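1. turn this into a model:
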Amino acid sequence: MKTIALAVAFLTVASALPLRAQVNAAPQPAPVEKVKPTCPCDSSNFKPLTDKARAVEAYWDARRSYRSARTIAGTAGLFAILSRNGGLMNEAQNTLSDASSKLHSARAKAESLGALKVTGDDIDGTIEIKLQKGVDYTL
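-> The predicted structure is shown next:
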């Protein structure tokens, strides 16, 4: 009698749990991949013909340097906080501010020549490069 009561109790509890086949989950949308911005000046065959193209190339190099400096400065800042080293923290801040000033001056020059348009942040914003192949550069 006890085994029958236990079996009935088990079946009663188990019937309240949803089975895998009974769960109707809505399909998840595909994740949106963020497109990594590219520039024709990333190519090793890039040859600037005008000042516009040289300004974009300088901007892209400054942008790349800023991204690297930001990563390194963040890591150095973390270690400076952990080791309580004020000199290392100042060095990390100086490195980042130097890279930032180079990036902003290169951006200002490229925008003044009409070579590019940046909407938002230099790193995460939208960058529109206004160069014509054959006129401003060759590959």
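2. buried sites along the longest helix along the chain?
-> For the chain, the longest helix by residue count, based on DSSP state H, is helix 51-83. Neighbour counts over helix 51-83 (16 or more other C-beta atoms under 10 Å) mark 52-60, 62-63, 66, 69, 73, 76-77, 80 as buried. Yep, even glycine has a C-beta here, placed from its N, CA and C like the rest.
3. next SSE downstream of that helix?
-> Per DSSP states H and E, the first helix or strand lying C-terminal to helix 51-83 is helix 86-112.
4. tilt between that next one and helix 51-83?
-> 160 degrees (axes from the mean of the first three to the mean of the last three C-alpha atoms, to 10 degrees).
5. gap between helix 86-112 and the chain center?
-> 18 Å (C-alpha atoms, centre = their mean, to the nearest Å).
6. how far is the next helix or strand after it from where the chain is centred?
-> Once helix 86-112 ends, the next helix or strand along the chain (criterion: DSSP H and E) is strand 116-119. Distance, stretch centre to chain centre, for strand 116-119: 17 Å (C-alpha atoms, centre = their mean).
7. what packs against strand 116-119?
-> If contacts are counted by 3 or more C-beta pairs under 8 Å, 6 or more residues apart in numbering; DSSP states H and E, strand 116-119 sits against helix 86-112, strand 126-129.
8. lowest mean pLDDT across these, which one is that?
-> Of all these, the minimum mean pLDDT falls on strand 126-129 (a mean of 80).
9. what strands line up against that one, and which way round?
-> Sheet pairing for strand 126-129, assigned by DSSP bridges, gives strand 116-119 (antiparallel).
10. go ahead and confirm residue 40 touches residue 46.
-> Yes - assessed by C-beta atoms under 8 Å, residue 40 is found in contact with residue 46 at 5.9 Å.
11. which of the two has more neighbours?
-> residue 40 (19 against 16; other C-beta atoms under 10 Å).
12. for burial, what's the neighbour tally of the closest residue to residue 50 other than its chain neighbours?
-> Nearest residue to residue 50 in three dimensions, chain neighbours excluded: residue 136, at 4.8 Å (C-beta to C-beta, 6 or more residues apart in numbering). The number of residues packed near residue 136 is 20, by other C-beta under 10 Å.
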